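**Student:** Okay, here's the prediction I keep looking at, along with the sequence it came from:
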Amino acid sequence: MATQLFDLSGRIAVVTGASRGIGEAIARLLAEQGAHVIVSSRKLEDCRKVAESIVAGGGKAEAFACHVGNMDDIDALFSHLREQHRRLDILVNNAATNPYFGHILETDLAAFQKTVDVNLRGYFFMSVEAGKLMREQGRGVIVNTASVNGLHPAEGQGIYSISKAAVINMTKAFARECGPLGIRVNALLPGLTKTKLAGALFEQQAIYDQVIGQVPLRRHALPQEMAGAVLYLVSDAASYTNGECLVVDGGLTL
């Protein structure tokens, strides 16, 4: 008899940064498991393409544009959730930015501010609003996409690595304070994954080869290989998993 531990039927899920890459893969897998997925990203048209594809495949999804670096957009998203769904069971904070690749001493204020606004402030206040809604239900799950860079900063990705280290600690802080409310909070820490966000690494062959040489599996990951870990974290299979940072990196950080 098949397990029902990963069945998400009847649950409302928001996935940010879901118009492509890891976020899209997560949105599609959660929908396959029965969740109604709100596909969210900055551009509505890109969100609609993913949501319509999910619906065409028999899943439940809708599109809602939200730039998590914009507080008004966050407010609008949660107003929509309260008015249309009156609940939220799953939040996957996945939207991120990495506008600067280069020596840390050359980081300018604009790149610093954009990275912090999206990767840290955005995750924080998305989690705050989700937590308030979940508190009313007495249960809910939040998953933050961090990075192995949050454990070991990568050369040329200083402020990005710093922001992801903050996400790791933020995950633990929310898990500690929201656990008593029935809200579990965990993080996914991907290794090198083929996405647009990681494009600079794939464009520089010497750096790419250096990284891959340290991965026991000797290859990069595909976005779909991150989605299964998130499915575990948001499902009943992980009902006693809280405050954990799940590393999915092919063994890079061994």
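**Tutor:** Cool, the structure landed.

**Student:** Report the spatially nearest residue to G156, omitting neighbours in sequence.
**Tutor:** Closest residue to G156 apart from its sequence neighbours, by CB to CB, 6 or more residues apart in numbering: F101 at 5.1 Å. All C-beta atoms are positioned from the backbone trio N, CA, C, and that covers glycine.

**Student:** repeat for F78
**Tutor:** With CB to CB, 6+ apart, the residue lying closest to F78 is E129, at 4.5 Å.

**Student:** ok, the spatially closest residue to G243 that is not a sequence neighbour - contacts?
**Tutor:** Leaving aside its chain neighbours, G243 sits nearest to A175 (3.3 Å; criterion: CB to CB, 6+ apart). A175 makes contact with 184-186, 242-243, according to CB atoms under 8 Å, 6 or more residues apart in numbering.

**Student:** Can you give me the buried ones in the host helix or strand of the residue nearest to F78?
**Tutor:** Following DSSP states H and E, one finds E129 within helix 123-137. Buried residues in helix 123-137, counted by 16 or more other CB atoms under 10 Å: 123-124, 126-127, 129-131, 133-134.

**Student:** again, but for stretch 47-66
**Tutor:** So, applying 16+ other CB under 10 Å, buried residues of stretch 47-66: 47-51, 53-54, 59-66.

**Student:** what stretches of the chain score poorly on pLDDT?
**Tutor:** 1-2, 196-203 (pLDDT under 70).

**Student:** Let's check: the centremost residue of this protein is which one?
**Tutor:** By CA atoms, centre = their mean, the mean C-alpha position of the chain lies nearest to N94, the distance being 2.3 Å.

**Student:** how much space is there between the residue nearest to G243 and R11?
**Tutor:** 20 Å (CB to CB, to the nearest Å).

**Student:** now do Y208
**Tutor:** Y208 is 38 Å from R11, by CB to CB.

**Student:** more crowded one of these two?
**Tutor:** R11 (20 against 16; other CB atoms under 10 Å).
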